[in-house]
Every structure is written in C-alpha cells, then in structure tokens.
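Trainee: No letters, just coordinates:
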C-alpha cells in the first residue's frame with residue numbers, strides 16, 4: 001500500500017483521518033531573536049539524556065512538548081523539563097497530537113528507527129523542522145521518502161550521525177585525503193560492543209498498562225513479544241530493529257563514506273554471520289561481517305556482540321586497538337584509527353599523530369533552523385540516508401542467506417584476500433566461544449548486485465521487497481514526490 005501526497009492534501013481533514021497524518025499548519029518564519037519551541041518524541045535514554053538537555057540549554061530554545069507511547073516515560077521527561085530546565089511541557093501520547101500544535105517549531109525524533117520515517121515525514125508536512133536520530137530509516141525506500149519530504153516542504157532535517165559535527169574527525173579525514181599516508185588501500189569499520197541476551201519467554205510479555213501498544217508498534221507488525229523487555233531490545237528484532245551493523249554501524253559506515261567521498265551503494269554486497277550463544281527471542285545477528293564492494297577502495301564491516309571468548313569479561317579487540325568501535329584506514333604509508341578524531345600510525349605501529357576535537361550537532365542544527373539554511377547542516381538527512389542505505393544492503397544479504405560450514409564459505413571468501421582475512425577473524429572469534437564452525441552453523445548471505453544509480457538490487461525481487469519494507473495499514477509510510 002502506497003499513499004501519495006495528493007491523498008494527504010485532498011480534503012485535508014478527510015485525508016488526515018484516513019491515514020492518520022497530522023494536518024498541515026502554517027510555517028512560522030523564525031527571526032534572529034525568536035524563541036524556538038521544541039517537541040521531543042521518544043523518551044528513552046537518547047531523548048531524555050541528549051535531546052532534551054542539549055536543546056534546552058541553548059539560548060532562545062525551549063522544550064514545549066514531550067511525546068511517547070509510554071506514559072511513565074513521558075511523566076519522567078515532563079518532570080525533568082520542569083525541575084531541571086524550567087520548562088512546563090505538554091504531554092502527548094500520540095505524535096499526531098504534538099504535530100497539530102502551532103506552538104512547536106522543531107521536532108526531535110528519538111524513537112526506535114521503525115518510527116523515524118513516519119514521524120519525520122508527518123513533521124515536515126506539518127511545517128516543522130526535524131532532528132531525527134540514526135539510523136535514518138528502517139528500510140531503504142522509506143529513507144528516500146524522508147529526504148524527499150525535507151526537500152518538498154523546504155524543512156531543515158538533520159540525522160543524528162554526530163561525528164560529522166566533530167572537528168577532530170573532520171581534520172583527520174582531510175589529513176588522510178591530502179595524501180599524508182599515501183594511497184588508501186582498505187577501509188574496515190567495526191563495532192565490538194558486548195551485549196546480553198534479550199531473553200526467551202514461554203508466554204508473551206505482558207504489556208504495561210501505561211503503554212499504548214498500538215501506538216508503540218506504529219508502522220511495525222503488532223505481534224506478541226517473547227523477549228524480557230519491551231523497549232530498547234526491540235533493536236534486535238527485524239520487525240522493529242536492524243541489529244548492530246545498522247544501529248551502530250551507520251556511524252562507522254558514514255565515516256567511511258565521508259572519507260572516500262562515496263554517494264552510491266556498493267556495486268555488490270555480501271554478509272556472513274549469525275546469532276550465536278544467545279538462545280533468545282531476537283533474530284538479528286550478534287556476530288556479523290560484511291563486504292561492501294566499491295571499485296576504488298573496498299569497505300568492510302564487522303560487528304561483535306559477544307565477549308572476547310567463552311567465560312571472558314573482556315570485549316573483543318580489533319588488531320589490539322582499545323577503541324570498541326571505529327574505522328581503520330589502511331594506507332601505503334601506515335594506518336589510521338578514526339573515532340571522535342583519531343590516531344595515525346606508521347608501518348611499524350608507531351603513533352605519529354593525534355586528532356582531537358569537539359562535537360555539538362544540536363547547536364549546528366539550531367543554527368541551520370534559525371537561518372533556515374539546510375546547507376549549514378553537518379549531517380543533512382541525505383547523508384544520513386546514504387549511510388543507512390549501505391548498512392541495510394548488508395543486512396539484506398544476511399536475511400536472504402542460508403546456513404553453511406566454514407569450508408563452503410571459504411570457497412566464496414578466498415577470491416578476495418581482505419574478505420578471506422576477515423572471515424578468518426570471524427572463525428577465531430567463534431571458536432573462542434566453542435562454536436562448531438565445521439557444521440552448517442554460520443549464515444552465508446548471497447552476493448547482491450545493485451543497480452547503478454538506484455537504490456535497489458538487480459534481478460532479485462526478494463531483496464527488493466526488503467528494500468520497500470512492511471507497514472500496518474493505519475501507519476503506512478507515504479510516498480513523497482520531491
């Protein structure tokens with residue numbers, strides 16, 4: 001089901017009622033000294049501890065409303081706003097109620113990603129500017145609609161890929177681009193973030209009475225939950241999340257794209273991995289490697305949610321580096337590790353240069369809103385979409401994969417030395433957890449070839465169905481023609 005923009009505006013109240021969208025409101029022109037009034041949607045850790053304080057502390061900015069399908073979270077946020085930031089806020093259970101307000105200029109969307117697209121598009125249609133968290137969209141197609149909505153309604157829309165606002169990261173990228181380490185040969189993005197099992201229940205989780213579960217599900221399928229917690233662990237369920245390679249990976253892949261000046265999907269992609277050790281209700285991989293086949297410089301990604309070994313309390317390490325998530329850039333004259341700035345080493349592993357800097361994406365966003373100049377954004381919605389697209393492509397290969405043993409997988413990886421080396425690291429990691437890698441326990445995704453200049457795959461209807469996504473009728477993400 002696809003809803004066109006015409007259906008939104010034809011008979012405004014009829015269209016809005018039929019698809020649940022907010023009505024269009026007037027767009028207030030903000031002067032240099034006008035107060036900017038913010039509504040924060042999604043009141044988990046990111047909304048409560050990042051969006052609210054970083055917005056409220058800026059001169060001329062106030063929190064006017066908070067919104068969450070969980071009333072307890074909303075009450076906590078309202079109390080924080082009153083006691084710490086001296087803002088008396090409206091509390092809106094439904095984002096559509098918040099968007100109907102004429103006392104809101106900016107909407108911060110800090111929900112889980114399956115609500116990002118609909119919230120952003122509705123906000124743009126309602127004349128609001130938007131700061132939306134990463135990853136931008138839950139599906140590739142809907143991310144493009146978010147970009148189109150920002151352009152069509154002339155809204156300032158920033159994605160929460162914060163390293164684009166970090167001065168140290170910018171400096172090390174410019175330094176490498178200038179050829180100071182010679183030609184770039186390989187880029188490896190990684191995330192070693194140990195996590196715990198989400199649990200596996202015999203009976204569905206009882207949804208707390210303070211949660212409006214229909215609103216909580218929104219565009220996602222309304223299904224019984226067999227994990228132990230409702231909220232953040234939904235990141236590891238394909239219905240509502242995308243796993244580590246998208247959730248965290250979008251940050252590192254964004255740095256790789258920025259460094260290499262890449263705007264397109266790779267010409268082909270493959271993913272290998274699985275959900276190991278945890279016998280739980282989640283279905284996203286907790287151990288995964290991905291090969292993004294770019295013609296100039298290959299980009300690889302690896303994610304580890306397990307500890308370094310069975311019984312260990314240590315996190316895995318990439319080449320012994322202490323940073324748990326970063327981008328390793330191998331060059332002719334040495335290598336660099338990029339993370340909130342970064343470090344540069346020569347061929348003998350001697351540290352030769354450091355880069356450090358500050359980051360304030362919220363200030364950058366408000367500056368762009370006040371001047372109504374989207375070009376001022378460090379992390380425009382389009383950049384967020386491009387990086388999220390790449391990450392989704394890797395997951396789509398994984399989701400179309402099948403179980404295989406190491407010998408069968410080796411026949412595929414050995415064609416590319418860097419890919420084979422990454423597979424070796426995967427095997428070492430799995431063996432450290434006493435996993436039988438000889439039997440078919442590892443998911444081998446297919447090579448997926450992309451269509452040049454487009455955001456879809458060649459001759460693969462099943463993959464393209466995952467590009468388009470799945471929506472409940474009351475919460476269909478609309479198609480937006482820019």
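Mentor: Looks like it arrived, so ask away. Just so you know, these numbers come straight off a predicted model, no measurement behind them. Residues are numbered from 1 along each chain as shown.
Trainee: what about residue 402, distance to residue 440?
Mentor: Look at residue 402 and residue 440: by CB to CB, to the nearest Å, they are 8 Å apart. (C-beta placed from N, C-alpha, C; glycine too.)
Trainee: Ok, residue 293 next?
Mentor: Counting by CB to CB, the gap from residue 293 to residue 440 is 25 Å.
Trainee: More neighbours: which of these two?
Mentor: Neighbour tally, residue 293 and residue 440, criterion other CB atoms under 10 Å: the higher count belongs to residue 293, 18 against 15.
Trainee: Please look at the more buried one and residue 262 and confirm they touch.
Mentor: No: in this structure residue 293 lies outside contact range of residue 262 using CB atoms under 8 Å: 11.8 Å.
Trainee: can you list contacts of the helix or strand hosting residue 145?
Mentor: In this structure, residue 145 sits in helix 140-152 according to DSSP states H and E. Outside helix 140-152, the residues within contact range by CB atoms under 8 Å, 6 or more residues apart in numbering are 5, 116-117, 120-121, 124-125, 130, 132, 136-137, 155-157, 374, 381-382, 384-385, 388-389, 392-393, 455-456, 467-469, 477-482.
Trainee: What of stretch 426-439?
Mentor: Residues outside stretch 426-439 that contact it (CB under 8 Å, 6+ apart): 272-273, 276-277, 287, 289, 302, 304, 306, 308-310, 312, 316, 405-407, 441-442.
Trainee: burial count for residue 298?
Mentor: Other residues within reach of residue 298, judged by other CB under 10 Å, total 17.
Trainee: so who does it touch?
Mentor: 186-187, 291-292, 416, 418-419.
Trainee: From residue 260, how far out is it?
Mentor: Relative to residue 260, residue 298 is positioned 10 Å away (CB to CB).
Trainee: Next, show the common contact partners of those two.
Mentor: Listed as contacting both residue 298 and residue 260 by CB under 8 Å, 6+ apart are residue 187.
Trainee: which residue ends up closest to the midpoint of the protein in space?
Mentor: residue 135 (1.5 Å; CA atoms, centre = their mean).
Trainee: my guess is that one contacts residue 245, does it?
Mentor: No: look at residue 135 against residue 245 with CB under 8 Å: they stay out of range, at 9.9 Å.
Trainee: What count of nearby residues applies to the residue lying closest to residue 313 once chain neighbours are set aside?
Mentor: Nearest non-adjacent residue to residue 313, counting by CB to CB, 6 or more residues apart in numbering: residue 307, 6.6 Å away. Using other CB under 10 Å, residue 307 has 19 other residues around it.
Trainee: follow-up on the earlier one: three-state assignment of the residue nearest to the centre of the chain?
Mentor: Each residue gets one of three states, and residue 135 gets coil by DSSP: H, G, I helix; E, B strand; the rest coil.
Trainee: Now do it, the pLDDT please.
Mentor: Here, the pLDDT recorded for residue 135 equals 98.
Trainee: do you know how far it is from residue 280?
Mentor: To residue 280, residue 135 is 22 Å away according to CB to CB.
Trainee: so where's this structure uncertain?
Mentor: Residue ranges of the chain with pLDDT under 70: 1-29, 31-33.
Trainee: isn't residue 344 right up against residue 338?
Mentor: No: applying CB under 8 Å, one finds residue 344 not in contact with residue 338, separated by 9.5 Å.
Trainee: Look up the residues that both of the two are in contact with.
Mentor: Common neighbours of residue 344 and residue 338, using CB under 8 Å, 6+ apart, are residue 172.
Trainee: For those two, indicate the residue with more neighbours.
Mentor: A direct count of neighbours by other CB under 10 Å for residue 344 and residue 338 places residue 338 higher, at 28 against 23.
Trainee: now do the same end-to-end measure for stretch 467-474.
Mentor: Stretch 467-474 has its terminal residues 20 Å apart, counting by CA to CA, to the nearest Å.
Trainee: where does that stretch sit relative to the chain's centre, distance-wise?
Mentor: The chain centre lies 18 Å from the centre of stretch 467-474; the measure is CA atoms, centre = their mean, to the nearest Å.
Trainee: Contacts for it next, please.
Mentor: 1, 19-20, 138-142, 217-222, 392, 396, 455-457, 477.
Trainee: Pull out the buried members of the residues you listed.
Mentor: Listed as buried from the contacts of stretch 467-474 are 19-20, 138-142, 217-220, 392, 396, 455, 457, 477; burial here means 16 or more other CB atoms under 10 Å.
Trainee: Mind telling me the two of these farthest from one another?
Mentor: Among the buried ones among the contacts of stretch 467-474, the pair separated by the greatest distance (CB to CB) is 20 and 457, at 31.0 Å.
Trainee: Check the spacing between residue 179 and residue 102 real quick.
Mentor: The gap separating residue 179 from residue 102 is 53 Å, by CB to CB.
Trainee: can you tell me which of the contacts of stretch 426-439 are in strands?
Mentor: The strands, defined by DSSP state E, take in 272-273, 287, 289, 302, 304, 442 from those.
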